[in-house]
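>>> Quick one, what's the 3D model for this:
(one chain, ligands or ions: 2)
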Amino acid sequence: MDSVHAERFLIDPPTLENLGFRWYVSGDSNRNATVTVAFREQGDSKWQEALPMLRIYHEIINQDYGPYRVGNLFAGSVLFLKPATQYEVKFTMDDPDGGAPTEPKIVSVATRGEPVAPSGDEIHATSRTSLMAAYAKAKPGDVILLHAGIYDGPFQFDKSGEPDKPIVFRGAGDGEAILQADGSGGNSRIVSIAGTDHLMFEDLTFRNAHTAIYSGKPGSAGITVRRCRMHDVVSGINTQAEDSREWYIADNEIVGINRTWYPRPEVDYMSPAHTGVNVYGRGHVVCYNRLSHFSDALAISNFGVPVEDVERHCVAIDFYGNDLSWAQDDTLETDYGCHNVRVYRNRCYNTHTGNSKGSKGDILLMPKSRMPSFGTPFGTSYRSKTNLRLRLDLNGEVVKFELALVLVPCGIIGA
Ligand SMILES: [Ca+2]
Ligand SMILES: [Ca+2]
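Ligands and ions are numbered 1, 2, ... in the order given. Have a look, this model is predicted:
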């Protein structure tokens, strides 16, 4: 059937700067339907043009290792918006063969705000024992202040905060508050959570462990990690569950244990350090961090094929403003994400691969990607004197050039 028929419309979890959308369709087997996009801040009269949605039509990816056929849909993001702001977004579907809705679809949706620390009761901790006692006592919105000293882990945190009332773990400011485990040669995670929502970690040091913060299954929502320092760890932050959502990881310095980034070990190049920040799920924002000495600095977790429920696909992930270097494998690996993965304004240098979506040795994505991206679009932007934007198909081949509304520098230097 050549005519298009509109089906389910999904608003992906908003992030601070971007809004992502999916519009599933049936028909349009000749793939010539289009969806143009316009947006305006609520209350403005003038619509602004956004990039059109990307047509995705049953392409098969990862043919070598685990073929997966993507759906029949449009997907796209409105980029570079203001946080905590209400927008209207207008989608106009068209198909020369007919069948498109006669009226545009208009949705009203707000970007997310930067997490705000609550001002509940302050509870003081000076040791592992008093920290666990403080956590046992804490209510949503309370702030546990960790005074200077060493807190021996591991810690399992099972009590959740609430939306806008997280339980906060914060360095008290009187010296380094250090959480540690059994060393980078051990198996311990300093902090483990599973199905624990709305925790906030600020101004802390995590060191000497396999993983600093690990989120198992079920996933956790609304976890904030900011202004923390992690070092002597195999992995920094790891959340791999498909129902993990809306983490905010910002302003951290995370350093792995790899002694070199070049030459890359031929056999096991994902050790001794593994991945700095490894996420899966929806609505994560990873911004303004400095990472070095890992094999992959920032990555989407190697989850395998997505779960069947498209509402639980890995979507709306932002990596921006990060300083990423000394990566034995990739400074950024976005394989295994599904739709609306946005990568921009990162500085990547001294690395085997800038951004792996199958790329090798350069930030330009190459065809015949061996690693899957289950859908697209992936908003990878390139340093460009001409302000060109490249649009890529599922195999990473350039299918469209268009002028970007915003120049987005992102380069590889020093490699
Ligand atoms: Ca058509
Ligand atoms: Ca990698």
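>>> What are the phi and psi values at Ala136?
In terms of degrees, to the nearest 10, the main-chain angles of Ala136 are phi -60, psi -30.
>>> With adjacent residues omitted, what lies nearest to it?
Using C-beta to C-beta, 6 or more residues apart in numbering and skipping the chain neighbours, the partner closest in space to Ala136 is Lys159 (8.0 Å). All C-beta atoms are positioned from the backbone trio N, CA, C, and that covers glycine.
>>> Which residue is the nearest non-sequential neighbour of Ile123?
Using C-beta to C-beta, 6+ apart and skipping residues adjacent in sequence, the residue nearest Ile123 is Ala134, 4.2 Å away.
>>> count of residues packed around the one you found?
When neighbours are counted by other C-beta atoms under 10 Å, Ala134 registers 21.
>>> Please identify the helix or strand for it.
helix 128-137 (DSSP states H and E).
>>> buried stuff in that helix?
Buried residues in helix 128-137, counted by 16 or more other C-beta atoms under 10 Å: Ser130, Leu131, Ala134, Tyr135.
>>> So, low pLDDT: which residues of the chain?
356-415 (pLDDT under 70).
>>> at 80 what do you get?
Where the chain drops to pLDDT under 80, the residues are 61-66, 353-415.
>>> Of the buried residues of helix 128-137, which is the nearest to Pro83?
Pro83 lies nearest to Tyr135 out of the buried residues of helix 128-137, by C-beta to C-beta, at 29.6 Å.
>>> OK, contacts around that closest one?
Tyr135 sits next to Ile144, Phe157, Lys159, Ile167 when contact means C-beta atoms under 8 Å, 6 or more residues apart in numbering.
>>> Please repeat the previous calculation with a cut-off of 10 Å.
Ile123, Ala125, Asp142, Ile144, Phe155, Phe157, Asp158, Lys159, Ile167, Phe169, Leu199 (C-beta atoms under 10 Å, 6 or more residues apart in numbering).
>>> cool, Glu311 as well?
Counted by C-beta under 10 Å, 6+ apart, Glu311 has contacts Arg8, Leu10, Asp12, Arg22, Arg282.
>>> I'd assumed it was in a strand, is it?
No: going by DSSP: H, G, I helix; E, B strand; the rest coil, the assignment for Glu311 is helix, not a strand.
>>> related to what we said a few turns ago, tell me how far the residue nearest to Ile123 lies from ligand 1.
61 Å (C-beta to the ion, to the nearest Å).
>>> How about the backbone phi and psi for the residue nearest to the spatial centre of the chain?
Nearest residue to the geometric centre of the chain (C-alpha atoms, centre = their mean): Ile317, 3.4 Å. Main-chain torsions, Ile317, degrees, to the nearest 10: phi -110, psi 130.
>>> Contact distance from ligand 2 - what residues of this protein qualify?
Proximity of the chain to ligand 2 (C-beta under 5 Å from the ion) is limited to residues Asp296, Asp329, Asp330, Glu333.
>>> Assign a three-state SS to whichever residue of the stretch 51-200 of the chain sits closest to ligand 2, would you?
Using C-beta to the ion, the closest approach of the stretch 51-200 of the chain to ligand 2 is made by Tyr65 at 14.0 Å. Following three-state DSSP, Tyr65 is assigned to coil.
>>> my guess is it contacts Tyr336, does it?
No: using C-beta atoms under 10 Å, Tyr65 makes no contact with Tyr336, being 11.3 Å away.
>>> phi, psi of the residue of the stretch 151-300 of the chain found nearest ligand 1?
Nearest residue of the stretch 151-300 of the chain to ligand 1: Arg282, at 30.0 Å (C-beta to the ion). Dihedral angles of Arg282 (phi, psi; degrees, to the nearest 10) stand at phi -140, psi 140.
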